[in-house]
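just to be clear, the model below is a prediction. Sequence and coordinates:
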Amino acid sequence: MSKAELIHRYPTPALASDTAPNVGGEVPPLRGDGKGNYRVHIVGNSGIFTTLARELAALLRVPHVNVDTILWQPGWVKLPPDEIRGRVRAVLDTNPRGWVIDGNYYSVLGSIVSERETDVIWLDPPLLLYFPRLCWRTFLRLVRLEPPCSPGCQESAREVFFSRDSIVWWCLSRHWLVRKRQAALYAIDGIHIGGKVRRIGGWGGELAAWKRDVKALLESAME
């Protein structure tokens, strides 16, 4: 059964703590493949995962794969699904020792990422925390103080404020839907039951603690 089928079949569960012991002992901040390789998929609602993906990729010294920059070509030209899958597959297979990819895109990518990933980090902060930040970053892109989400894809005020395709509207309208779907995946593959999906919620403290643990893990591996 595919992920797309699973997220529609299972109801939203109560979310377990990711600080609980895993099957067989303590849960490391990243599982990896047991050989020092980390292939990490960061998911969540729009506008909340790219910064962490960049930071984590730099820590792990592996490529950061931003699906948006593959999906959207200059002038907001959307690549056909087959071409998107081909490009993503090529990047992942070229870097088998590790990568960090961000974005959900289950319907487009199918199992290309899920059959290769060692860890899934589900960012699930409150809407009140990340929505103002998303609006601020969107404003900075509008006034050209930050680069566009994909090269050659500039946003306009009309698109941001008066289009149902804007990231602001997309974020608001999909917050609970994304949370329900990711919670369904977490219920069957969460680290609290020996799986690979880690949920990070809260107002920032949980994420900061997890990043500290990742740094400590990597430092210990170098000793």
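Okay, I see it.

where does this protein have low pLDDT?
The model of the chain has pLDDT under 70 over residues 1-25.

any chance you could map the helices in it?
Counting by DSSP state H, the chain has these helices, from start to end: 3-9, 50-60, 67-71, 81-94, 106-109, 127-142, 157-162, 167-189, 205-222.

with mean neighbour count and distance to Gly44 as added columns, please give those helices in JSON lines.
Backbone N, C-alpha and C define where each C-beta goes, glycine included. Shown next, in JSON lines, are those (neighbours: other Cβ atoms under 10 Å; distance: least, Cβ to Cβ, whole Å):
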{"stretch": "helix 3-9", "mean neighbour count": "14", "distance to Gly44": "14"}
{"stretch": "helix 50-60", "mean neighbour count": "18", "distance to Gly44": "9"}
{"stretch": "helix 67-71", "mean neighbour count": "18", "distance to Gly44": "13"}
{"stretch": "helix 81-94", "mean neighbour count": "14", "distance to Gly44": "18"}
{"stretch": "helix 106-109", "mean neighbour count": "17", "distance to Gly44": "13"}
{"stretch": "helix 127-142", "mean neighbour count": "15", "distance to Gly44": "9"}
{"stretch": "helix 157-162", "mean neighbour count": "12", "distance to Gly44": "21"}
{"stretch": "helix 167-189", "mean neighbour count": "17", "distance to Gly44": "7"}
{"stretch": "helix 205-222", "mean neighbour count": "13", "distance to Gly44": "11"}
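
now those helices in CSV, with distance to Glu117?
As requested, the helices of the chain are exported to CSV (distance: least, Cβ to Cβ, whole Å):
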stretch, distance to Glu117
helix 3-9, 11
helix 50-60, 13
helix 67-71, 13
helix 81-94, 9
helix 106-109, 11
helix 127-142, 23
helix 157-162, 32
helix 167-189, 11
helix 205-222, 16
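
of all these, which lies closest to Arg39?
Among the helices of the chain, the nearest to Arg39 by Cβ to Cβ is helix 81-94 (7.5 Å).

Val27 and Ile42, how far apart?
17 Å (Cβ to Cβ, to the nearest Å).

so between the two, which is more surrounded?
Taking other Cβ atoms under 10 Å, Val27 and Ile42 do not tie; Ile42 has more neighbours (24 against 18).

so who does the more buried one touch?
Contacts for Ile42 (Cβ atoms under 8 Å, 6 or more residues apart in numbering) come out as 49, 52-53, 56, 100-103, 120-121, 123.

gap between it and Val77?
For Ile42, the distance to Val77 (Cβ to Cβ) stands at 25 Å.
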